[in-house]
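**Student:** Would you be able to build a 3D model of this:
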Amino acid sequence: DELGLEASELAIFVIVALLASIPGYRLGAYVTNVAGTHRSQLLAYAYWAAVCLVFPFVCYRPAHQPFAYVMGALVGVGYGWAFPISTAVYCAVTHGGHEAEEMGIFIFSGQIVGWLPPVIFLAMNESGIHTRWSIMALAGFFAFADIMMATLEFDRLQKLGSEETLRHRQLAETDVPGVSSVIPSFSLSPRALSPSAANWFRPKHGSGSGDYESSPTATGDVNATAVMPPPEASTTAVPPVKDTELAVLDLEAAARRDAGGVKEE
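**Tutor:** The predicted structure follows:
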């Protein structure tokens, strides 16, 4: 209202902002490659706060209409930069095996807190306060987010998350009886077994037909000679498995007991 924009002009403002989000995304990708994911997010939030502070001083009367589209482009750049990088940072520190629940927390938190800035803006605007001050108030949210994210030990959390993810992938890719044919349905990476996991499927000596035999070290049975097909060719029905990791740990514990001659009580 303060700028005197008509409905068509307001629509153009929104279109300009949406189109500017494309180069904003490219800018965010470039900054991320140069400065890193965490620093890119800090810069994105600082950029948002700066836009919210500058906008009210540049566009606040009808004579400033030409500048409105420039500010719309700057707003679009912020959208294209801040939103993807915030998701990337959260995904980078997510622990393996907990992706679904932690991403659910991320979405849930955004939904229950996302209403607060618009409510404050609306309350200030309806109270007769000039819109320029309402927009400036939004900068406080980005400044607060920047301060909180600056305290995040991103490198340590990313390292822990990567180690946990790698551990879960190795566990998932270890072929456990009753689990092997389930693995391809949720494995997140190409099959790359560790040496201990690779012992599960070794070519049968003297066989050129592609038969495989189970590993004595994996089963704990020194006389094990059961022939097993490759996991890709397995057609046997698989019993339901509630927890792949527990199945792997139980198998490893049984192998250690057999190797050490410890009898289970």
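**Student:** Please count neighbours and contacts with C-alpha atoms only from this point.
**Tutor:** Will do.
**Student:** Check which helices and strands the helix or strand containing Leu53 is in contact with.
**Tutor:** Element membership of Leu53, judged by DSSP states H and E, is helix 37-58. If contacts are counted by 3 or more Cα pairs under 8 Å, 6 or more residues apart in numbering; DSSP states H and E, helix 37-58 sits against helix 7-35, helix 65-92, helix 131-150.
**Student:** These: which one's closest to Asp250?
**Tutor:** helix 65-92 (30.1 Å; Cα to Cα).
**Student:** Show me what the mean pLDDT comes to for that closest one.
**Tutor:** For helix 65-92, mean pLDDT rounds to 88.
**Student:** could you check the angle helix 7-35 makes with it?
**Tutor:** 40 degrees (axes from the mean of the first three to the mean of the last three Cα atoms, to 10 degrees).
**Student:** related to what we said a few turns ago, how about residues contacting the helix holding Leu53?
**Tutor:** 28, 31-32, 64, 67, 71, 74-75, 78, 81-82, 85-86, 88-89, 131-133, 135-143, 145-146, 149-150, 154 (Cα atoms under 8 Å, 6 or more residues apart in numbering).
**Student:** Going by neighbour count, list what's buried in it.
**Tutor:** 37-49, 51-53, 55-56 (16 or more other Cα atoms under 10 Å).
**Student:** which intervals of the stretch 101-250 of the chain have sub-threshold pLDDT?
**Tutor:** The model of the stretch 101-250 of the chain has pLDDT under 70 over residues 163-164, 166, 168-249.
**Student:** ok, Pro118 to Tyr45 distance?
**Tutor:** 17 Å (Cα to Cα, to the nearest Å).
**Student:** One more: Pro117?
**Tutor:** Counting by Cα to Cα, the gap from Pro117 to Tyr45 is 15 Å.
**Student:** Neighbours of Pro84, how many?
**Tutor:** 14 (other Cα atoms under 10 Å).
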